[in-house]
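S.K.: Show me the folded form of this:
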Amino acid sequence: MKVSSKTVTCLFCFMFIAELGASLNCTTSCGNRGVDIRFPFWIKDRQPDQCGYPGFALSCNERGDIVLQLPPAGKLHIEKIDYKNQVIFASDPQRCLARQHPNFNSSVFHLQFNMSKVNFTIFNCSVTNTRPLNWMAPCLSTVHYDVLAVDSELSIEGKESLLSCTKMYDIPVPRDIRLSWSSPNCGSCEATGKQCRLRKNSITELETECYGWHRQDKDKLYLL
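M.R.: Below you'll find the model as predicted:
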């Protein structure tokens, strides 16, 4: 049976549209934050797990923040995802990295804290005395005592507000959090303008492959 060029062209167009549609189904976002969520990440309870890679599940809160759960520390908000270099820029929604950062642990991500240049001395104080508000660390305080964070280079001589306090420890305060990942390695796909996904019909369930448009030069685009 002779197959016309028109039939071949239509078949190619159908395959292209189907492929493009499948890839778009796995690209989403949380609200209007402008951060694309795509493989290896996926939104649990919104997308099928085939859209992502194990350990990369995210969620969206009611304000449209992208949330990453990292037990036992809790939740981080994702501000930016660099897919080419495989780095996440995150923040602590509780604004208490001084308390949280010793608890961060992950088998999937490598954590790096961008530390401030200032170290702080942490004091445990009685709640009966008036404290300088600029020293208060509410996220470290409890109903039983206040916690003050004082610049370690600041002289505390003559500071009556610290007389009933007990020094706990010195700590460098992290300003923000970066998380990188090495597996799956999709950076090479992103570097060539393509995207990454789980390989279809692979021997192992966690094999990945590149797909999509690949720019060969300024004037031509090739679909691989």
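
S.K.: can you tell me which residues contact C210?
M.R.: 186, 188-189, 192, 194-196, 224 (C-beta atoms under 8 Å, 6 or more residues apart in numbering). Just so you know, the C-beta spots here come from the backbone N, C-alpha and C atoms, and that holds for glycine as well.

S.K.: what's the most distant pair in the residues you listed?
M.R.: Across the contacts of C210, no pair lies farther apart than C186 and L224, at 14.7 Å, counting by C-beta to C-beta.

S.K.: The two: who's more crowded?
M.R.: For the pair C186 and L224, the greater number of neighbours falls to C186 (23 against 10), based on other C-beta atoms under 10 Å.

S.K.: Thought Q86 was touching the more buried one, still the case?
M.R.: Yes - counting by C-beta atoms under 8 Å, Q86 is a contact partner of C186 at 7.1 Å.

S.K.: can you give me the strands in this structure?
M.R.: In the chain, the segments counted as strands under DSSP state E are 42-43, 57-60, 66-70, 74-82, 87-91, 110-125, 146-151, 166-180, 195-198, 208-211, 213-215, 221-223.

S.K.: circling back to that earlier point, quick one: buried ones out of the contacts of C210?
M.R.: Taking 16 or more other C-beta atoms under 10 Å as the criterion, what is buried in those is 186, 189, 194-196.

S.K.: got these as CSV, with pLDDT and distance to D151 columns?
M.R.: Listed next are the buried ones among the contacts of C210 as CSV, based on pLDDT from 0 to 100; distance: C-beta to C-beta, whole Å:
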residue, pLDDT, distance to D151
C186, 94, 43
C189, 94, 46
K194, 92, 49
Q195, 91, 46
C196, 93, 45
